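Q: From the sequence below, what's the structure:
(one chain, ligands or ions: 1)
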Amino acid sequence: MSYTLAIIKPDAVSAGRAGKILAHLEEKGFTVRALRMMRLNRAQAEAFYAVHRERPFFDSLVSFMTSGPVIPMVLESEDAVARFREAIGATNPAEAAEGTVRKLFAESIERNAVHGSDSDENARREVGFFFSEAERLGL
Ligand code: GDP
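A: Down below sits the predicted model:
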């Protein structure tokens, strides 16, 4: 088993879609190992998305991610990073495959309902950003 870091983003939380997204992910075979609801401040959102600092959409992305509560969580499954990326679909919901979370629940390329780590290395970093080792292990 491996794990990934997922975030239900502010668009989906404020639209009342968090429960449906969680149910969808559990049906897809992911196990929730840790979860919380919180509101990111600007420094936290900038640090989390630091890799995108030079991108033209960075300020807009940070404003969006701080606009309301988010639900970060640790999800476990076999091959969790790749399986979760497949389950959420393309960044732009207009290009996401049928049945993916972004196709079902996202509003736009920015307000796209969920985040998922893109490598095992980033999953480790991103889980550590939100959760202690004890929380990840459920201790
Ligand atoms: P992801 O791995 O599929 O989440 O995509 P990226 O790592 O490339 O981008 C991070 C996040 O930035 C995305 O999930 C979107 O919320 C946002 N984003 C990506 N591309 C664009 C874009 O072209 N315009 C805007 N406004 N936001 C974007």
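
Q: how much space between the residue nearest to Thr100 when sequence neighbours are not counted and the ligand?
A: Leaving out its chain neighbours, the residue that sits closest to Thr100 by C-beta to C-beta, 6 or more residues apart in numbering is Gly89, at 2.8 Å. C-beta coordinates here come from the backbone N, C-alpha and C atoms, glycine included. For Gly89, the distance to the ligand (C-beta to the nearest ligand atom, to the nearest Å) stands at 9 Å.

Q: And Lys20, by the same measure?
A: 19 Å.

Q: do Gln44 as well
A: With C-beta to the nearest ligand atom as the criterion, Gln44 and the ligand are 15 Å apart.

Q: Count the neighbours of that residue for me.
A: 17 (other C-beta atoms under 10 Å).

Q: now Phe30
A: By other C-beta under 10 Å, the residues close to Phe30 number 22.

Q: That one contacts Asp79, doesn't it?
A: No. Contact status for Phe30 versus Asp79: not in contact, 11.2 Å apart, counting by C-beta atoms under 8 Å.

Q: Which secondary structure state does Pro72 sit in?
A: Here Pro72 is strand, with the state taken from DSSP: H, G, I helix; E, B strand; the rest coil.

Q: neighbours of the residue lying closest to it once chain neighbours are set aside, just the number please.
A: Nearest residue to Pro72 in three dimensions, chain neighbours excluded: Phe130, at 4.3 Å (C-beta to C-beta, 6+ apart). By the criterion of other C-beta under 10 Å, Phe130 has 21 neighbours.

Q: Run through the residues that contact Phe130.
A: Leu5, Arg36, Pro72 (C-beta atoms under 8 Å, 6 or more residues apart in numbering).

Q: sec struct for the first one, please.
A: Just to be clear, that refers to Leu5. strand.
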